[in-house]
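J.: Dropping the sequence and predicted coords here.
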2 protein chains.
Amino acid sequence: ADQAAAALWAARDPQLTKPPGALGRLEELSLWLASWQGRHPPRLETPRARVFAGNHGVAALGVSAFPAEVTVQMVKNFEHGGAAINQLCRTFGTELAVVSLDLDRPTADFTKGPAMDEAEFVAAFRAGMDSVPDDTDLLALGEMGIGNTTPAAAIACALYGGDADGWTGRGTGVDNAGLIRKTEVVAAGAALHKGKAPLEILRSLGGRELAAMAGAVLAARLKRVPVLLDGYVCTAAAAPLEAACPGALDHCVVAHVSAEPGHQRLLSALGKEPLLSLGMRLGEASGAALAIGVVKGALACHTGMATFAEAGVAAG
Amino acid sequence: ADQAAAALWAARDPQLTKPPGALGRLEELSLWLASWQGRHPPRLETPRARVFAGNHGVAALGVSAFPAEVTVQMVKNFEHGGAAINQLCRTFGTELAVVSLDLDRPTADFTKGPAMDEAEFVAAFRAGMDSVPDDTDLLALGEMGIGNTTPAAAIACALYGGDADGWTGRGTGVDNAGLIRKTEVVAAGAALHKGKAPLEILRSLGGRELAAMAGAVLAARLKRVPVLLDGYVCTAAAAPLEAACPGALDHCVVAHVSAEPGHQRLLSALGKEPLLSLGMRLGEASGAALAIGVVKGALACHTGMATFAEAGVAAG
């Protein structure tokens, strides 16, 4: 984080016509924008959302309420502007790009071996890195991939331990039998791959869209772009970076805590407090896009408010 | 609520390209707009924010960190566009009006007798009713009034009982001695006026801006306008309506739970779940205005998303 930008923020904020701290997390957000963009005032002219799509070998094991064909169908829906993320990006003036990652070639079944070989992992990670234009001033990350709460839970379980039960939820809505199968798959995958280095865990359990999100998080850090992480899958994709290098997610705010119960547990492990809690569990960067509105409000307050001196208001 | 509009909502929502329920409270919000506007699809073309300002006899008792002159100074700040609420309304395309209520004539000290006589109360209540144009499709309500978390706490305490301590917080930031004084004032006011009818409690303990917010809530109900309530003071102003007539606040969503601890307690008493929790404690309708962004996103999803059939997506 840029200390000079943070210092300029800290010089201005106490002068604004409000009691100190009265804007709560809105104050944190404008400080976060300034210090990670490395400029004051920070800007929010080119927010971008990136949705990565991948398919998963484990989808064939009956872990999802939807068939795997839905991934490619939903990508078409994104391209035609019909999904929730399209509406949210339009509402908050955010450019959206969807990056499909070899949808006709699902990852391998991670209960048998690594989901990706090294070349596949690097290609997906790089696709994520390449998706962040230099002029991005805020990046909202998300994903689409039928079955991908299963790798998310398996990564969390492999990184942080504990029973697979505590990390596994119903995703898009599997029934009880499906939830039992899904939990077994998560447990088997975590057992097979735990103890590896964090990025190896991501390669072994994650799908391509998870590797790509991790790549985008890293590229954003290098390009001074603050990041809004979406829900459980997105946070699980980023978590190996933090495990590999503590502080690697300091430029990331978790936009929304998913209704998927493992997400709160993962956030606690990462020490992250989500911005919103609205019972959403859609993915697609939908929670992250919604949070762009809150960040816009936060920035408008910090840059647009009058000071006590300008307004002739007694400072208490 | 309009059952026909709700039925049209319920016919459309399950067809949209998302798992059932996956948009969480965004789904509740679009249903709420439809059923309280009495039309489907609902509209969000003319959202309006109303900030009512009043002064309080109890401010002279040292219950606030700011002097009472700040109320009129902040009204000028609103008029010149320099306050947080101005920036938030601009961000979310919301018209703002500020209604000053006899700022040069504070209410009476409620520890000695009723804060307002009947004529004063009715005038303030009517000013609130008159502030809601017929074409409003969403109303964000809030207030400004140095010292007004004291009447808010006193109203909550008189309506729902319990120790004054549990309802009284630091407001804009009083010190420990101020908090002790404030709690004594709340306890004395609640003790003097408890047991009265709910609207009499509002007249006896509330300020003019609280009476006006109650009036605006009622007018909105009559005009089919869904309402976003702001923080503690706004909720306390509306609570007597619910106490007088259960269901009177069914058209209201509480936008944000204040950092002021009495607010969560009051929300529990009312059975209301706040939409946002961002540690804000500013008033001015700031939490309600911020929530307009979320409501816009919710509506955009409901009206703009493709159906499974339109998008050619398998419905699971």
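T.: That came through fine.
J.: And the strands in chain A?
T.: Ranges of strands in chain A, per DSSP state E, are A:47-53, A:95-100, A:138-144, A:227-229, A:252-254.
J.: Now tabulate those in a markdown table and tack on mean neighbour count.
T.: Just so you know, the C-beta spots here come from the backbone N, C-alpha and C atoms, and that holds for glycine as well. Formatted as a markdown table, these follow (neighbours: other C-beta atoms under 10 Å in any protein chain shown):
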| stretch | mean neighbour count |
| --- | --- |
| strand A:47-53 | 27 |
| strand A:95-100 | 19 |
| strand A:138-144 | 29 |
| strand A:227-229 | 30 |
| strand A:252-254 | 26 |
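J.: Same list (those strands) but as a markdown table, adding mean pLDDT and distance to residue B:17.
T.: Formatted as a markdown table, the strands of chain A follow (pLDDT from 0 to 100; distance: least, C-beta to C-beta, whole Å):
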| stretch | mean pLDDT | distance to residue B:17 |
| --- | --- | --- |
| strand A:47-53 | 98 | 14 |
| strand A:95-100 | 98 | 14 |
| strand A:138-144 | 98 | 11 |
| strand A:227-229 | 98 | 22 |
| strand A:252-254 | 98 | 25 |
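J.: how about CSV for the ones you listed, with distance to residue B:156 added?
T.: As requested, the strands of chain A are exported to CSV (distance: least, C-beta to C-beta, whole Å):
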stretch, distance to residue B:156
strand A:47-53, 40
strand A:95-100, 44
strand A:138-144, 38
strand A:227-229, 36
strand A:252-254, 33
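J.: Out of the ones you listed, flag the one nearest chain B.
T.: Chain B lies closest to strand A:138-144 among those, at 10.9 Å (C-beta to the nearest C-beta).
J.: Could you report the pLDDT at residue A:59?
T.: Here, the pLDDT recorded for residue A:59 equals 96.
J.: before we move on, what about the one 10 residues further on?
T.: What the model reports as pLDDT for residue A:69 is 95.
J.: residue nearest the centroid of chain A?
T.: Centroid-nearest residue in chain A, with C-alpha atoms, centre = their mean: residue A:229, separated by 2.4 Å.
J.: wouldn't that one be in contact with residue A:254 here?
T.: Yes - Residue A:229 lies in contact with residue A:254 (C-beta atoms under 8 Å); the separation is 4.9 Å.
J.: any residues in contact with both of those two?
T.: Residues touching both residue A:229 and residue A:254 (C-beta atoms under 8 Å, 6 or more residues apart in numbering or on different chains): residue A:235.
J.: returning to that earlier point: who does the residue nearest to the centre of chain A bridge with?
T.: Residue A:229 has these beta-bridge partners by DSSP bridges: residue A:141, residue A:254.
J.: which sections of chain A are below the confidence cut-off?
T.: Chain A contains residues with pLDDT under 70 at A:316.
J.: Which residue ranges of the stretch 101-250 of chain A form helices?
T.: A:118-129, A:149-160, A:176-193, A:198-205, A:208-222, A:232-244 (DSSP state H, counting those that start in this stretch).
J.: Spatially nearest residue to residue A:100 (excluding sequence neighbours)?
T.: The shortest distance from residue A:100 to any non-neighbouring residue, by C-beta to C-beta, 6 or more residues apart in numbering or on different chains, is to residue A:53 (4.8 Å).
J.: mind listing what that neighbour touches?
T.: Contacts of residue A:53 by C-beta under 8 Å, 6+ apart are A:71-72, A:74-75, A:98-101, A:103, A:143-145, A:209.
J.: could I get those residues as JSON lines with distance to residue B:197?
T.: As requested, those are exported to JSON lines (distance: C-beta to C-beta, whole Å):
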{"residue": "A:71", "distance to residue B:197": "60"}
{"residue": "A:72", "distance to residue B:197": "63"}
{"residue": "A:74", "distance to residue B:197": "55"}
{"residue": "A:75", "distance to residue B:197": "60"}
{"residue": "A:98", "distance to residue B:197": "58"}
{"residue": "A:99", "distance to residue B:197": "62"}
{"residue": "A:100", "distance to residue B:197": "64"}
{"residue": "A:101", "distance to residue B:197": "65"}
{"residue": "A:103", "distance to residue B:197": "65"}
{"residue": "A:143", "distance to residue B:197": "55"}
{"residue": "A:144", "distance to residue B:197": "55"}
{"residue": "A:145", "distance to residue B:197": "58"}
{"residue": "A:209", "distance to residue B:197": "59"}
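J.: End to end on stretch A:193-213, go ahead and measure it.
T.: Stretch A:193-213 has an end-to-end distance of 20 Å (criterion: C-alpha to C-alpha, to the nearest Å).
J.: Would you pull up how far it lies from the middle of the chain?
T.: Stretch A:193-213 sits 15 Å away from the centroid of its parent chain (C-alpha atoms, centre = their mean, to the nearest Å).
J.: same question, stretch A:79-89
T.: Worked out by C-alpha atoms, centre = their mean, stretch A:79-89 lies 18 Å from the chain centre.
J.: next one: stretch A:145-154
T.: With C-alpha atoms, centre = their mean, you get 14 Å for stretch A:145-154.
J.: Same check on stretch A:52-60?
T.: On C-alpha atoms, centre = their mean, the centre of stretch A:52-60 falls 18 Å from the chain's centre.
J.: Likewise for stretch A:76-89?
T.: Taking mean C-alpha positions (C-alpha atoms, centre = their mean), stretch A:76-89 and its chain are 18 Å apart.
J.: What are the contacting residues of it?
T.: Against stretch A:76-89 from outside (C-beta under 8 Å, 6+ apart): A:49, A:51, A:74, A:94-96, A:98, A:142, A:144, A:282, A:284-286, A:289-290, B:16-18, B:23, B:297, B:300-301, B:303-306, B:310-313.
J.: Show me which residues of that stretch are buried.
T.: Residues of stretch A:76-89 classed as buried by neighbour count (16 or more other C-beta atoms under 10 Å in any protein chain shown): A:76, A:77, A:78, A:82, A:83, A:84, A:85, A:86, A:87, A:88, A:89.
J.: Perfect, I'm done here.
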